[in-house]
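Chemist: Sequence and predicted model, in that order:
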Amino acid sequence: MRIKKLLDSIGRDVDTVSPDETVYDALALMAKKEIGALVVLEKKKMVGIISERDYARKVILKGKSSKKTRVREIMTSDVIHISPDMKVGKCLSLMTKKRIRHMPVLDKDRLVGLLTIEEIKGKM
């Protein structure tokens, strides 16, 4: 199965945040949506991803304030992503190898989805 078929079955909605938002606001959105990561968009282009792991390692453990720290300061900017044409098995293998739980899906430079490792495993 291809990623685009998986996205068609689970949905393509992606929760996003601006790099200029505070980490606190990003965490509040994650809590509200009950999710572990947000794609960071600037002018409709993906510039990063922020996860609970980023928060734990780059804010809490460094003694920073989540209300004063901007998303751009802690986001992962070198984001591994896939295309909708990739096979689901290959995506799962890549996520496992790179030890990532959230995979943005880009069609050219346009964000078209975000998959979690749980969603992929649930469809295999």
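Modeler: Yep, it's here.
Chemist: Report the separation between V39 and K58.
Modeler: V39 sits 17 Å away from K58, taking CB to CB, to the nearest Å as the criterion. C-beta coordinates here come from the backbone N, C-alpha and C atoms, glycine included.
Chemist: Compare the two and say which is more crowded by neighbours.
Modeler: Comparing V39 with K58 by neighbour count (other CB atoms under 10 Å), the higher total belongs to V39, at 22 against 17.
Chemist: List the buried residues for the helix or strand containing that one?
Modeler: Element membership for V39 (DSSP states H and E) is strand 37-42. By 16 or more other CB atoms under 10 Å, the buried positions in strand 37-42 come out as 37-41.
Chemist: what's L94 in contact with, if anything?
Modeler: Residues near L94 by CB atoms under 8 Å, 6 or more residues apart in numbering: 80, 82, 103.
Chemist: 10 Å instead, please
Modeler: By CB atoms under 10 Å, 6 or more residues apart in numbering, the residues touching L94 are 80, 82, 86, 100, 103.
Chemist: Help me confirm that the first one is found in a strand?
Modeler: This points to I80. No - read with DSSP: H, G, I helix; E, B strand; the rest coil, I80 is coil and lies in no strand.
Chemist: which residues in this protein form strands?
Modeler: Secondary structure of the chain, counting by DSSP state E: strands at 16-17, 37-42, 45-51, 102-107, 110-116.
Chemist: Give me the phi and psi angles of the residue with the largest distance to the centre of the chain.
Modeler: Going by CA atoms, centre = their mean, the residue of the chain most distant from its centre is G63, 23.8 Å out. Main-chain dihedrals, G63, degrees, to the nearest 10: phi 70, psi 20.
Chemist: mind checking which of the strands of the chain is nearest L6?
Modeler: strand 110-116 (7.0 Å; CB to CB).
Chemist: now that closest one against strand 102-107, angle please.
Modeler: 150 degrees (axes from the mean of the first three to the mean of the last three CA atoms, to 10 degrees).
Chemist: tell me the angle of strand 110-116 relative to strand 37-42?
Modeler: 160 degrees.
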